[in-house]
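Novice: Sequence and computational prediction follow.
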Amino acid sequence: MNKLVLMAAFSLLAALPLYSQEWQTNIDKAKELAAHDHKPIILVFQGSDWCAPCIKLDREVWSTDEFKAYASEHFVMLQADFPRKPKNALPKPQQEANARLAETYNTHGIFPLVVILDATGKVLGKTSYKKMTPSEYITHLESFKS
């Protein structure tokens, strides 16, 4: 009986998607990965606990299996989060790193802001929340590649 339960559990685990989206929080690490893997960086400025369009973008695009699968092969994902609730506060060094990213790439304080970068940090394009399916958003992001 235990063997049967183990086999059933293994079968369920084997059926799960084998991809995951790894969000970077360090620009230098993201650039290193982008250069190594020849991928653009998708830098996302978000307010994860207060910005309604940010939350929608996460739910409708970033968190979908379709986007995660595509992103794992085609993008380096970099997140700059600016939560407001004390319980969600980031460590001080991360807050400072995110503020430096904003000084460089989000001078107007737009949320959400999606910045497409090459491996050197050069801006290829900028966008924001759009009511699109994951595949439409992927096509939109791909349009910024040069």
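Specialist: Perfect, I can see it now.

Novice: I'd assumed residue 115 was in a helix, is it?
Specialist: No - the assignment for residue 115, made by DSSP: H, G, I helix; E, B strand; the rest coil, is strand rather than a helix.

Novice: Which residue, neighbours along the chain excluded, lies closest to it?
Specialist: residue 43 (4.3 Å; Cβ to Cβ, 6 or more residues apart in numbering). (Each C-beta comes from the backbone N, C-alpha and C, glycine too.)

Novice: Quick check: that neighbour is in a helix.
Specialist: No - counting by three-state DSSP, one finds residue 43 to be strand, located in no helix.

Novice: Can you name the residues bridging to it?
Specialist: Assessed by DSSP bridges, residue 43 has beta-bridge partners residue 78, residue 115.

Novice: so who does it touch?
Specialist: Going by Cβ atoms under 8 Å, 6 or more residues apart in numbering, residue 43 touches 27, 30, 78, 79, 80, 101, 105, 114, 115, 116, 117.

Novice: Pull up the gap between the second one and residue 131, please.
Specialist: Distance, residue 30 to residue 131, using Cβ to Cβ, to the nearest Å: 27 Å.

Novice: cool, the last one as well?
Specialist: With distances defined as Cβ to Cβ, the gap from residue 117 to residue 131 amounts to 24 Å.

Novice: how long is stretch 78-92 from one end to the other?
Specialist: Start and end residues of stretch 78-92 are separated by 18 Å (Cα to Cα, to the nearest Å).
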